[in-house]
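Student: One predicted model, sequence on top.
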Amino acid sequence: MYRLTVTEEQMSALGKQLAEALMAGEGAIVYLDGTLGMGKTTLSQAVVHGCGWSGRVKSPTYTLVEPYDCGALQVVHFDLYRLADPEELEFIGIRDYLQPHTAWLVEWPERGAGVLPEADVVIHFTEAGAARQLTVEPRTERGRLVSDRLQHVWEHE
């Protein structure tokens with residue numbers, strides 16, 4: 001586990017670096033944990049663009065899920081803020097997204113407890129003045145690989 005302090009401007013760069021780490025690791029399930037306005041969606045949008053998506057990246061606040069086929073990696077962005085019941089995830093076909101070479105970015109994962117698969121990596125967002133402190137917590141071997149790649153790139157920037 002390690003911590004990064006990230007300004008708003010650095011969040012996009014971090015997202016691109018996370019995209020590279022996810023592509024190198026052939027995907028992972030990433031939980032994005034934090035309150036409103038912490039930068040979870042900004043980071044997610046930067047990851048999608050960093051994986052090669054050139055179109056608009058929509059926030060899935062109302063649709064719950066937005067998939068992006070980025071060639072070598074599919075990125076699936078979940079925003080569960082408006083999820084009324086975790087069982088709703090079964091109705092939207094959550095299991096269909098459990099594919100090789102797929103990265104999940106899950107905002108508000110606690111709202112899908114009991115239905116969501118376990119995270120490979122959890123990124124906790126907290127306020128740090130004008131910046132954000134991100135705590136990167138790997139939970140699986142795949143998560144450790146992604147976390148290590150991200151930490152290595154970030155430390156050498």
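Tutor: Noted; the coordinates are in hand.
Student: Quick check, central residue of this structure?
Tutor: Using C-alpha atoms, centre = their mean, the residue of the chain that lies closest to the mean C-alpha position is Leu105, 3.0 Å off.
Student: pretty sure it is in contact with Asp79, am I right?
Tutor: No: with contact defined as C-beta atoms under 8 Å, Leu105 does not reach Asp79; the gap is 9.0 Å. For the C-beta atoms, the positions are set from N, CA and C on the backbone; glycine is no exception.
Student: Then Ile41 would be within a helix, right?
Tutor: To be clear, residue 41 is Thr; Ile isn't right here. Yes: under DSSP: H, G, I helix; E, B strand; the rest coil, Thr41 sits within a helix.
Student: For this structure, just list every one of the strands.
Tutor: Counting by DSSP state E, the segments of the chain that form strands are 2-6, 27-33, 65-69, 74-79, 102-107, 121-128, 131-138.
Student: Dump those to a markdown table, plus distance to Glu87.
Tutor: Putting the strands of the chain into a markdown table (distance: least, C-beta to C-beta, whole Å) gives the following:
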| stretch | distance to Glu87 |
| --- | --- |
| strand 2-6 | 35 |
| strand 27-33 | 19 |
| strand 65-69 | 15 |
| strand 74-79 | 15 |
| strand 102-107 | 16 |
| strand 121-128 | 23 |
| strand 131-138 | 27 |
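Student: For Asp148, which of the ones you listed is the nearest?
Tutor: Distances from Asp148 to each of the strands of the chain were compared by C-beta to C-beta, and the smallest falls on strand 131-138, at 7.9 Å.
Student: Which residues does stretch 78-87 contact?
Tutor: When contacts are defined by C-beta atoms under 8 Å, 6 or more residues apart in numbering, stretch 78-87 is touched by residues 41, 59-62, 64-65, 89, 104-109, 111-116.
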